[in-house]
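**Q** model this:
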Amino acid sequence: MGKYLLLILCYFLVLSLQAQQQPFYETLTEKDGLSDNRVTCFLKDKTGYLWVGTRNGLNRYNGYNFTVFYPRVNELSNEVINDLAEDKNGKIWVATANGLNRYDPVTKQWFTFYAKGTDSSTFILNPNVWSCYVDDNNEIWMAPDGRGLSVYSSRTQKLRHYPWRKVVNTLLPQYYNRYCSVIKIIAKNKNEFWLGTTLGLFSFNKLSGKYTLIGTGYYGDFIDLAYDQQNRKVYLTAAEEKLFCYDEQLNEYKQLQPAELPYPSRFFSTPADHYIWLGTENGMLFIEPGTKNTFLQKHIPHLSSSLAEGSVQTIYHDATGISWVASNNGIVKFDRNSQQSSFLPLLAVTYQVSNNPMGGVYYDKRSQRYFVCSSDSTAVFIISRETGTIQKIRVDHKGKQLDRCYNVCADRAGRIWLLTKNAVYSFNEQTNKFEIFPIPSVGTGISFRDMAQDERGNYWFSSFHGKLYYYDASLKKYIIPGNDSIRFKGIVASTALLSDTVNHCVWIGTFSHGIYKYDLLTNKFTLYSETSDAPDYTDLNLVNDIEQDASGRIWVATHTGGLYYSNKGKPISKFFTRLSMKDGLVSNNIYALSYGDSLLWVTSGKHISAINTYSMKVLPPFSREEMFSFSSFSSDEIIPHYTAYDHERKELLVGVGGGLLFLRNKGSMPQQQFPLVLSSLKVNDVLYTDSIFKDNNHLSFSSPVRQIVFNFSALQFSLPSLNRYEYMLEGYDNKWEEAVNINSLNYQNLPPKNYRFRLRAKSHAGTASLKEAVFSFTVDPFFWQTWWFRLLCLLAVAAIVYGIYRYQLNKKLEVERLRHRISRDLHDDIGSALTTINVLSKVALNKGDDQKSIEGYLTRIKDSAQQTMESMSDIVWAINPTNDSLESMLVRMKEYAAELCEARAIELAFEADENMMSRKLDVAYRKNVFLIFKEAVNNAVKYSNCEKLLITLAMLPDHKLHLSVKDNGKGFADVKKNTGNGLQNMQSRAKELGGVLLVNTATGKGTTIELFLPNT
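**A** As a prediction, this is how the structure comes out:
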């Protein structure tokens, strides 16, 4: 007998490892931004980023999104990533299928070691590097394909190689000239490695450079390697589900046979954090340290958040309690910090069920047992936390098949009751059997849903298709309570019951006509239903569940109207207040309520959420990254889906999806502080990398800053979507602002000034970031907003004012000079001419009758008068502003020259540049030019005896005005000797204009007078 007991005990010990609760896994795939679902390796760097290697690209993950690195010029050498490591300087080492890469996250620079060159100390021996490892001396060890080990010294910047081909040929001659390679390197101690290879397990001593064969047992695909340092055991997995263990203490290498985790579960135990995890080609191995207990976990179809299907390459356990699983179907994440959900499969569900096949759940604290109803399989599952056993009970104590099991509950003494489609049972603790409890006049399809024992010890039973039953425990028979038999008999389709010890009553919910309260003190019923005074009570006609919180408040779950809660002391019409989707509920279709730890847990058809009963705040529902998802938590309204709450473990228990779902309170697990980083900055579409945030840099940006975007990451990977941020831009914000589930902030049209951006974060559990992220910057003003521009503007205004003053002054001076010139001209020309006329007139008068002399004087008087008129005309023409163009001067020149030449029968030719006609000339300029011209033409006509006269007016290439008067007359020999007042006046006027007057003449060759003047 003892032998059999021992066998049974051993059987259960094995099952305790074979049938755990299914842990909740979150899977990240290409849909989430991962470059490839074929994940190969992981690394958590010193900053806090998670690096992920795949068969097609390197990824950096911040909890929100992936930054992907692909091969580029002077960047990553190959897209196939085999392994990752980080040295003490923070540089990332990437082993690829074509080279070993080193990446500096600060400078963003890449360097690649290739398999080429003549000096073996500077190149790797094979381009395909399987593994890399950084030791305590900051030396980088690597496993080039088929070449053993190599090591790179950061100090000498040289490579050393440790070939192993000869070692293999000596130790394993059967593999001579066959492919063999080291695939994975893990540390044994400071001076030794364990090596996973295609031939088996090896060790390597760094000091001696010696390889040691530990054991083989396979040839081919190596998968994973792990070392239990405490128990000094090495575990290795290979293809074909092979598992090997080397016990250092016993010097024993042998193959183990892992047991596959059964589905559905046959035994219950909670997951152990200290297990060793190993990848295999069909799932993941769990090994209990110090024992021979191993089990294989595979993907469960149709169970969301189970382990991803396919092979597992490796597992990376970071320092924060998260395990990252590299699978062929994405990243599988197991988070111990926020393990909100686990699942115990009880039924073999082979498809995604649309209706919930489970009924109510009850947890018996005394016996540490879970009772879970299955309406579809007509069974009750009894799960013991103490022994781990799972019983599936389908018959009663007489061996009769149970009806469809709907609900399990307990009375005040802790006695367990089972409610089924057609009967009520009580549980016998001694026999571990359900015994039928007689109920009178029960037909078929009654559908018992709930039971409550009031303060008097009497029992109430609700039925959906029957009546309400009241059992008097003292009389041991069913009676009508109180004196209102009509009201009691009128209660039909009763669904939920609650014994209210605070208010000394029993609450009765119906699916037909409101909710009733039976007062144990007055023995009277009170109905709460829709009336003209209480129109909001419409949805109280369809009640699914009733619960009471610690304050005594009553909560009612309805089928279409959300929740109702009681208001103590209010009249009937205002006793209940409704909460609906308008108030934050995710659904108005509520099936079950459970209270625990100040939270009311609310189960609807699709979601599970909670309400803080103190603050009355509706909390967000559990998301897909927090719990297993199912098609529905409900089914037919006849079947109750009541939940239970384990106050000791703070767990909500839900029967769903063919099993038992465990949900834990959010934020119940302690967490480490985490880094908060500013990852990039975007200013007016110009992107700045995180290097600008190093060393407290202060940057300046030119206006206008139309948009500035801060990108940041709280490198906290436990439910990152629930991270909460507080931020403030000093110089713009007046207080801290809050934000949830974001990783960027956008400011627009910042005015010029100094700013300081501050950011801090908290996880869903309330753990704060290690420190604030801070960045200071300046928005420079527009140039017209700067002090120097304003000073320049002030100086410019002063200069303009002074310029206007000087202009006006110069105008006045010019007018004075003009008056002076006019006065001088009038005095010189007109005055002298008039004096001459006056003198000649007096002389003529004194001649008496000398007619001939008088005529001579009159002729001279006439000539003087004519000259006076011409001078006066020249003065008037010169000061007239309508004649300030070159064209006007040219017209006057032509008229003057034509008149003189015609009188002497001289042939006149006048040439002028038409492009210069519109040029403006000031008074002095055109007056002097015209007088020079007039003198030159007058001299040519009067004294040269010419037959032809050529006048040219043009603009030279150097912008000088050129006037030429050329005749074919007699000329004269010596210019200096023949210089009269006319020529001297011409020279004087040319000099006044800043020009040059040239006279070119010779006897018998005519005369040419040229005037060169600067442009006006």
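**Q** Enumerate every residue touching residue 1013.
**A** Residues near residue 1013 by C-beta atoms under 8 Å, 6 or more residues apart in numbering: 925, 929, 960, 961, 962, 963, 990, 993, 994, 995. To be clear about C-beta, it is placed using only N, CA and C from the backbone, and glycine gets the same treatment.
**Q** Of all residues in the protein, which one is nearest the centre?
**A** Geometric centre of the chain, nearest residue: residue 743, 4.4 Å, by C-alpha atoms, centre = their mean.
**Q** looking at it, that residue is touching residue 713, isn't it?
**A** Yes: between residue 743 and residue 713 there is a contact at 5.7 Å, judged by C-beta atoms under 8 Å.
**Q** what about the residue nearest to the centre of the chain, distance to residue 338?
**A** Computed as C-beta to C-beta, to the nearest Å, the residue 743 to residue 338 distance reads 19 Å.
**Q** Same check on residue 295?
**A** Taking C-beta to C-beta as the measure, residue 295 and residue 338 are separated by 24 Å.
**Q** Which neighbours do residue 743 and residue 713 have in common?
**A** Residues touching both residue 743 and residue 713 by C-beta under 8 Å, 6+ apart: 62, 64, 679.
**Q** list the contacts for the residue lying closest to the second one once chain neighbours are set aside?
**A** Leaving out its chain neighbours, the residue that sits closest to residue 64 by C-beta to C-beta, 6 or more residues apart in numbering is residue 743, at 4.6 Å. Contacts were defined as C-beta under 8 Å, 6+ apart; by that measure residue 743 touches 62, 64, 65, 679, 711, 712, 713.
**Q** ok, the third one to residue 757 distance?
**A** The reference is to residue 65. Counting by C-beta to C-beta, the gap from residue 65 to residue 757 is 21 Å.
**Q** what about the two, which has more around it?
**A** residue 757 (24 against 16; other C-beta atoms under 10 Å).
**Q** tell me the phi and psi of the closest residue to the more buried one other than its chain neighbours?
**A** Distances taken as C-beta to C-beta, 6+ apart place residue 775 nearest to residue 757, at 4.7 Å, with adjacent residues excluded. Backbone torsions of residue 775, given as degrees, to the nearest 10, read phi -150, psi 130.
**Q** my guess is residue 244 meets residue 214, correct?
**A** No: using C-beta under 8 Å as the test, residue 244 is too far from residue 214 to be in contact (9.1 Å).
**Q** Give the residues shared as contacts by these two.
**A** 200, 201, 253.
**Q** what's the burial count for the first one?
**A** By that I understand residue 200. Residue 200 has 23 nearby residues by other C-beta under 10 Å.
**Q** State the distance from it to residue 172.
**A** Counting by C-beta to C-beta, the gap from residue 200 to residue 172 is 8 Å.
**Q** for the second one, same thing?
**A** Applying C-beta to C-beta, one obtains 12 Å for the distance of residue 201 from residue 172.
**Q** again, but for residue 183
**A** From residue 183 to residue 172 the distance is 16 Å (C-beta to C-beta).
**Q** And for residue 102?
**A** Counting by C-beta to C-beta, the separation of residue 102 from residue 172 is 34 Å.
**Q** Let's see which of the contacts of residue 743 end up in helices.
**A** Residues of these located in helices (DSSP state H): none.
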